[in-house]
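*Asks:* Quick one: sequence plus predicted model below, questions after.
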Amino acid sequence: MSNDDNNKPLLTVDGLVAGYTGPVVGPVSFDVFPGEVLGLSGPNGAGKSTVLKAITAEAKRFAGTVRPCQGLTVTHHQQRPELPPELPLLGRELLKVMAADRRDAPAIIRPLLDRPINRMSGGQFQLLEAWACLGGDAELVLLDEPTNNLDGDAMEALAEFIRAARPPRAILMVSHERDFLQKNCSRIVEISHRKAEA
Ligand SMILES: Nc1ncnc2c1ncn2[C@@H]1O[C@H](COP(=O)(O)OP(=O)(O)OP(=O)(O)O)[C@@H](O)[C@H]1O
């Protein structure tokens, strides 16, 4: 990516109406520019997670467009990451699978490297997953409620992972923690309930 490309959006969401068997959110429009941390805020059930899922084509797009720039690489941290309990994977192996093992793991992650993920606490696994997304090379990182289960120290560590992001990387983050969004996002887009549902 050249410097000129820093003025062009990595992703343009235009008039997106998305959902499952029927629409649940939209129309929603926003751009995500290189280097920015964009927050999505709104009430429970407004469709914030669905917007992220529509970007990765996991949810259905009923109208509008999602235009990634050419060759955009995306990683998605799901709201309730689930792992098959029988999978005997160590923390460091998860990072390898997600191509996040080339950077030195931060101090708070290191104790988790040799621990089987099915023996981690909810908060430990959540933080490891967030690092697995933010420690890789994807240009656009989608984070869905990354602060779930995290205590104060882990939230601060997560904020540091986010602050360490450099262009062209951009982060699109959904969170209920209004303070966390305000402190860590360059911009916040409000997602409201669809009028038909209100
Ligand atoms: N897989 C699915 N199939 C059908 N409907 C779904 C599915 N997932 C979510 N929904 C519905 O879509 C609507 C939006 O859900 P979504 O999870 O996107 O909202 P949200 O704003 O992220 O909510 P929260 O803040 O509570 O996490 C809700 O009414 C929800 O019940």
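*Replies:* Good, I have the coordinates.

*Asks:* Skipping adjacent residues, who's closest to T65 in space?
*Replies:* Spatial nearest neighbour of T65, excluding adjacent residues (Cβ to Cβ, 6 or more residues apart in numbering): D14 at 4.9 Å. Glycine gets a C-beta too; all of them are placed from N, C-alpha and C.

*Asks:* Now do the contacts for K60.
*Replies:* Residues counted as contacts of K60 (Cβ atoms under 8 Å, 6 or more residues apart in numbering) are A18, G19, Y20, A54.

*Asks:* what ranges of this protein fall below the confidence cut-off?
*Replies:* Low-confidence segments of the chain (pLDDT under 70): 1-6, 80-86, 196-198.

*Asks:* Can you show me the helices along it?
*Replies:* 48-55, 91-97, 122-134, 152-163, 178-184 (DSSP state H).

*Asks:* quick one, which of these is packed in tightest?
*Replies:* Comparing the helices of the chain by mean neighbour count (mean count of other Cβ atoms under 10 Å), helix 48-55 ranks first with a mean of 24.

*Asks:* same for that one, what does it pack against?
*Replies:* Under the contact criterion of 3 or more Cβ pairs under 8 Å, 6 or more residues apart in numbering; DSSP states H and E, helix 48-55 touches strand 11-19, strand 23-32, strand 37-41, strand 60-68, strand 74-77, strand 140-144, strand 170-174.

*Asks:* picking up where we left off before, for the helices of the chain, give me TSV that also has distance to L113.
*Replies:* Shown next, in TSV, are these (distance: least, Cβ to Cβ, whole Å):
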stretch	distance to L113
helix 48-55	28
helix 91-97	4
helix 122-134	9
helix 152-163	15
helix 178-184	25
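
*Asks:* In a markdown table, list those along with distance to the ligand.
*Replies:* Output for these, formatted as a markdown table (distance: least, Cβ to the nearest ligand atom, whole Å):
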| stretch | distance to the ligand |
| --- | --- |
| helix 48-55 | 3 |
| helix 91-97 | 24 |
| helix 122-134 | 15 |
| helix 152-163 | 18 |
| helix 178-184 | 12 |
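
*Asks:* Weed out the non-buried ones from the contacts of K60.
*Replies:* A18, G19, A54 (16 or more other Cβ atoms under 10 Å).

*Asks:* so the first one touches A59, yeah?
*Replies:* Spelled out, that is A18. Yes - because the distance of 5.0 Å satisfies Cβ atoms under 8 Å, A18 is recorded as touching A59.

*Asks:* Find the residues that touch each one of those two.
*Replies:* Common neighbours of A18 and A59 (Cβ under 8 Å, 6+ apart) are T50, K53.

*Asks:* circling back: the helices of the chain: which one's closest to I108?
*Replies:* With respect to I108, and counting by Cβ to Cβ, the nearest of the helices of the chain is helix 152-163 at 4.5 Å.

*Asks:* And stretch 180-191, how far out from the chain middle?
*Replies:* 13 Å (Cα atoms, centre = their mean, to the nearest Å).

*Asks:* let me redo that: stretch 158-169
*Replies:* On Cα atoms, centre = their mean, the centre of stretch 158-169 falls 12 Å from that of its chain.

*Asks:* circling back to that earlier point, so which of the helices of the chain is nearest R194?
*Replies:* Nearest to R194 among the helices of the chain is helix 48-55 (10.5 Å), distances taken as Cβ to Cβ.
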